[in-house]
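**Q** pasted the sequence and its predicted model underneath.
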Amino acid sequence: MTNTPLQQYRASFDTWGPWALLAVGAVATALSARAVRMDRPGMVVCAVLVPAAVLLQLYWGRVRRKRPDPSRIGVFLYLLRWAIAFVLTWANPFFAFYAVTGYYTATRDLPNRLVLPGLFLTAVTMAGSEIGGWPPHGLFLWVGFFLVLAVNMGMVSVFTRYALQEQTRSVVQAETIEELERTNTALQQALDENAALHAQLLVQAREAGVADERRRLAAEIHDTIAQGLTGIIAQLQVVANAPDLTTARTHLERASALARHSLGEARRSVHNLAPVALAADGLPEALKKTVAEWGERTGVRADFTVTGTTEHLHDEVSATLLRIAQEALSNTARHARASRAGVTLSFMGDEVTLDIRDDGTGFDPAAVPERTRGGGFGLGGMRARAERIAGSLTLESEPGHGTAVSARVPLVGDDR
């Protein structure tokens, strides 16, 4: 923590103040020795105790650097300095300049319980100096001594309490700042961790996006090229067994049309465009043509119905519903052996529902392998398509009672 200018001045005074005050007291004593008529014993006392005070300050500086907090040796040195200052002030009152050091060092060198006693000892020295020196002569000076001592102690108590409050406040502020620094450090670490997690999530999202795009392309190819090739093979098989040339030519034309259709779907899938059927028509018209072509190709009666108020849908919604209808009809052609199928497109407020029903053999949905239900390009692919645009897909089927597939998606209008 950076010290304030006031704290720096205080630290400098704590270091050099006692030296300066001792020097001022010694100079003042030397200049006033003749005026106060110091006797020879007093001069001898000063000659001995001033060097002792110098040695004490030197030693004290070393101790304070090692033990800045109050300690037993600090209490001993404080009392020793007080004793030296008291005797020097007895010899000459001008050494009160040195004795006053005890006032501003008591809170730093003494434990809290000894601060007031230490200040009292210093106040005794200062009061004796202020009435003209030790010992007081006569009742009047003794009364004056106690009055001066009381005033000193009153002032010292007030200023000391204030100093202790400031010291406590400084300690609390220092602890608060340290706590804030620790909190900031922890917060920075958390931010760094969040940044790392964010980067990791971006990588995972990118990988998930790549995997989702691969699944989408795989489903697109399955729903378009694979189904088209299946239809072409079926038409060619009919040609191989055709009883006459007219029937063979009809099915060859259908196979050729399916091949061109599949080629267009493949190109648009590569460019991530809407299905061919949606290139010129809206979803209802595209579904109507798809159902009609499927019925003609399979020989199954197929009906298409639109309910509600028709709206222009977003390309992604239209493409998704068309693909689901194509896949459901393809499943019906391959597995259901149905005689009739129906497709209904319903516009219901903020939702669009697509229902594909047949009267085929049906099946038990619970018996369908997990891969086929969740990870293949049949039922799982249709469900994934619906969920990709925040929709849902339900399947109802029972052996001997046909199959119903229902896709429900949000109605998102064309934003063009």
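**A** Looks like it arrived, so ask away. Remember, it's a predicted structure, so these values are computed and weren't measured experimentally. Numbering: from 1, shown residues only.

**Q** where in this protein is the helix or strand with the lowest mean pLDDT?
**A** The weakest-scoring helix or strand in the chain, judged by mean pLDDT, DSSP states H and E, is helix 370 (a mean of 48).

**Q** wait, doesn't Ile73 sit right on Val63?
**A** Yes. Taking contacts as CB atoms under 8 Å, Ile73 lies within contact range of Val63: 6.0 Å. In this view, the C-beta of every residue, glycine as well, is placed from N, C-alpha and C.

**Q** how far does stretch 398-406 sit from the chain's center?
**A** On the basis of CA atoms, centre = their mean, to the nearest Å, stretch 398-406 sits 51 Å off its chain's mean C-alpha point.

**Q** tell me the mean pLDDT for it?
**A** Per-residue pLDDT over stretch 398-406 has a mean of 93.

**Q** now stretch 145-153
**A** If you average the pLDDT over stretch 145-153, you get 80.

**Q** what residues sit buried inside it?
**A** Within stretch 145-153, the residues scored as buried using 16 or more other CB atoms under 10 Å are Phe145, Val148, Leu149, Asn152, Met153.

**Q** hang on, the fourth one packs against Gly128?
**A** When you say that, I think you mean Asn152. No. Counting by CB under 8 Å, Asn152 does not reach Gly128; the two are 10.5 Å apart.

**Q** for Arg301, state which of the buried residues of stretch 145-153 is nearest.
**A** Met153 (115.9 Å; CB to CB).

**Q** which residues sit in contact with the closest one?
**A** Leu119, Phe120, Ala123 (CB atoms under 8 Å, 6 or more residues apart in numbering).

**Q** out of those residues, who's nearest Thr394?
**A** Closest to Thr394 out of those is Leu119 (89.1 Å), distances taken as CB to CB.

**Q** do I have it right that the closest one meets Val158?
**A** No. Judged on CB under 8 Å, Leu119 makes no contact with Val158 at a distance of 11.3 Å.

**Q** neighbour count winner among these two?
**A** Per other CB atoms under 10 Å, whichever of Leu119 and Val158 has more neighbours is Leu119, with 21 against 10.

**Q** and the more buried one, that's in a strand?
**A** No. Secondary structure of Leu119 (DSSP: H, G, I helix; E, B strand; the rest coil): helix, not part of a strand.

**Q** residues touching it, list them.
**A** Gly102, Tyr103, Ala106, Met153, Val156, Ser157, Thr160.

**Q** just the buried residues of those residues.
**A** Counted by 16+ other CB under 10 Å, those give Gly102, Tyr103, Ala106, Met153, Val156, Thr160 as buried.

**Q** show me where the chain has strands.
**A** Applying DSSP state E to the chain gives strands spanning 301-307, 340-348, 351-358, 392-397, 403-410.

**Q** now render these as CSV, adding mean neighbour count.
**A** Converted to CSV, the strands of the chain look like this (neighbours: other CB atoms under 10 Å):
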stretch, mean neighbour count
strand 301-307, 16
strand 340-348, 18
strand 351-358, 21
strand 392-397, 15
strand 403-410, 20
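
**Q** the contacts of Leu119: which two are farthest apart?
**A** Of all pairs in these, the most separated under CB to CB is Gly102 and Ser157 at 14.5 Å.

**Q** closest to Thr353 among the buried ones among the contacts of Leu119?
**A** For the buried ones among the contacts of Leu119, the nearest to Thr353 is Thr160 (85.9 Å; CB to CB).

**Q** mind showing which ranges of the stretch 151-300 of the chain have poor pLDDT?
**A** Counting by pLDDT under 70, the stretch 151-300 of the chain has low-confidence residues at 159-160, 162-164, 166-167, 170-171, 201-203, 205-214, 216-224, 263, 266-277, 279.

**Q** re earlier: please produce JSON lines containing the contacts of Met153, extended by pLDDT and distance to Val54.
**A** Listed next are those as JSON lines, based on pLDDT from 0 to 100; distance: CB to CB, whole Å:
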{"residue": "Leu119", "pLDDT": "80", "distance to Val54": "24"}
{"residue": "Phe120", "pLDDT": "83", "distance to Val54": "26"}
{"residue": "Ala123", "pLDDT": "80", "distance to Val54": "25"}
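
**Q** pick out whichever of the residues you listed sits closest to Leu180.
**A** Distances from Leu180 to the contacts of Met153, taken by CB to CB, are shortest for Leu119, at 34.8 Å.

**Q** does Tyr78 touch Tyr104 like I think?
**A** No. Contact criterion CB under 8 Å: Tyr78 and Tyr104 do not qualify, at 12.0 Å.

**Q** looking at these two, which has the bigger crowd around it?
**A** Using other CB under 10 Å, the more surrounded residue of Tyr78 and Tyr104 is Tyr78, with 23 against 17.

**Q** what about Gln57, how many neighbours?
**A** Residues contacting Gln57 under the criterion other CB under 10 Å number 16.
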